[in-house]
Each structure stands twice: as structure tokens, then as C-alpha cells.
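Colleague: Return a 3D structure for these sequence lines:
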Amino acid sequence: MKLLDDKNLGKDENLVKKGLNLIDYKEQVISLWNDMDHQNWDALYTYFQDDAIINWNNTNESFNVTEFVKANAEYPGDWSIEIERLECIQNLVISVVKVQLKRDAVSVHATSFFEFEDGKIKLLNEYWGDDGEPPQWRIEKQIGRHILPKKDL
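Modeller: This is a model prediction of the structure:
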């Protein structure tokens, strides 16, 4: 794997020949999460190849683009999405987002691996986890500590 130095940051020779660069991929992922946050469902189709595959690995589910859009559009409740981290390695963008239900204290985190081909997402693997308290056994054994103060969870 080729590591990028400062002068080539955001550029990969094979992608540049196709008129693409890594910064474009990051911007697409930011735009996708923005459209998800605003529940602009029809806009989601523009980010994906027609035959893209989306996997939710925690629940062993695989979707085509239409199913993915439907699953999100029909998800109950209204939420907000905050991007916490974005990393880009060649044609792969990794994002970490926090999804907070607006009328509830429920929040989850998702780690998503977006693989691009010809400027669009070809494969998306997502890992979702509920935010919450540590399991009782770790609390009782006093193993670990909160990352954020409890009020910020």
C-alpha cells in the first residue's frame, strides 16, 4: 500500500488519471451524511453505483441501494447525525458518526467503510452500536472509565 506524503495528500496517480482524488471521496461522504441528516432520501441514490452493495454487519443484512434507502427512510423517529471522524486511504473512506434521536436520549455510533469505484460508492460496510452504560460486571469490578463525562453521553 502506498502511503501519501504531504505533497501528494489527497492524490493517487490512478485516481488522478480518472479525474478523481481522495478529497472528492471525503466530500462525497460528508455530503451523504448531510443528506442523511436532512433525510433527503432521493439524494442518496446519486452517491452509489447502480449495483452497489451495502452491508450492516452487526445484523447480518445486505442491501441494494433501493433497499438501503428504504430502510433508512422508514426508520422510526427523527434524528441528527454528527461526523466525529473521517479517514481516507486511496479509494476507501472510513467515517465514524454519532446518530442521536431528536426526541429521545437514544444515540448510536456507526463506523462505515465506503469503497469507491469510478467516483461512486461500490461497497459500504457499516457497523452500528448502541451508546450506553458499560455492562454491570465491569462497573462492579471497576474496570475502565468513561471517555466523556457522563452528562455528555
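Colleague: what about the spatially most central residue of the chain, which helix or strand?
Modeller: The chain has Ser112 as the residue nearest its centroid, 3.6 Å off, counting by C-alpha atoms, centre = their mean. Here Ser112 sits within strand 107-117, counting by DSSP states H and E.
Colleague: I'd like to know how far the residue nearest to the centre of the chain sits from Gln39.
Modeller: To Gln39, Ser112 is 18 Å away according to C-beta to C-beta, to the nearest Å. Where C-beta positions appear, they are placed from N, C-alpha and C, glycine not excepted.
Colleague: quick one: the longest helix seen in the chain to strand 107-117, angle?
Modeller: Counting residues, the longest helix in the chain under DSSP state H turns out to be helix 22-37. Angle, helix 22-37 to strand 107-117, by axes from the mean of the first three to the mean of the last three C-alpha atoms, to 10 degrees: 140 degrees.
Colleague: Quick one: mean pLDDT for helix 22-37?
Modeller: Mean per-residue pLDDT for helix 22-37: 93.
Colleague: mind showing which ranges of this protein have poor pLDDT?
Modeller: Along the chain, segments meeting pLDDT under 70 span 1-22, 150-153.
Colleague: which stretches of it form helices?
Modeller: Using DSSP H, helices in the chain cover 13-17, 22-37, 41-44, 65-73, 136-140.
Colleague: Who are the packing partners of the fourth one?
Modeller: Think helix 65-73. helix 41-44, strand 48-56 (3 or more C-beta pairs under 8 Å, 6 or more residues apart in numbering; DSSP states H and E).
Colleague: who touches it?
Modeller: Met36, Gln39, Trp41, Leu44, Tyr45, Phe48, Asp50, Ala52, Ile54, Phe63, Leu124 (C-beta atoms under 8 Å, 6 or more residues apart in numbering).
Colleague: what's the residue nearest to the centre of the chain in contact with, if anything?
Modeller: Applying C-beta under 8 Å, 6+ apart, the residues near Ser112 are Val29, Ile94, Ser95, Val96, Val97, Leu124, Asn125, Glu126, Tyr127.
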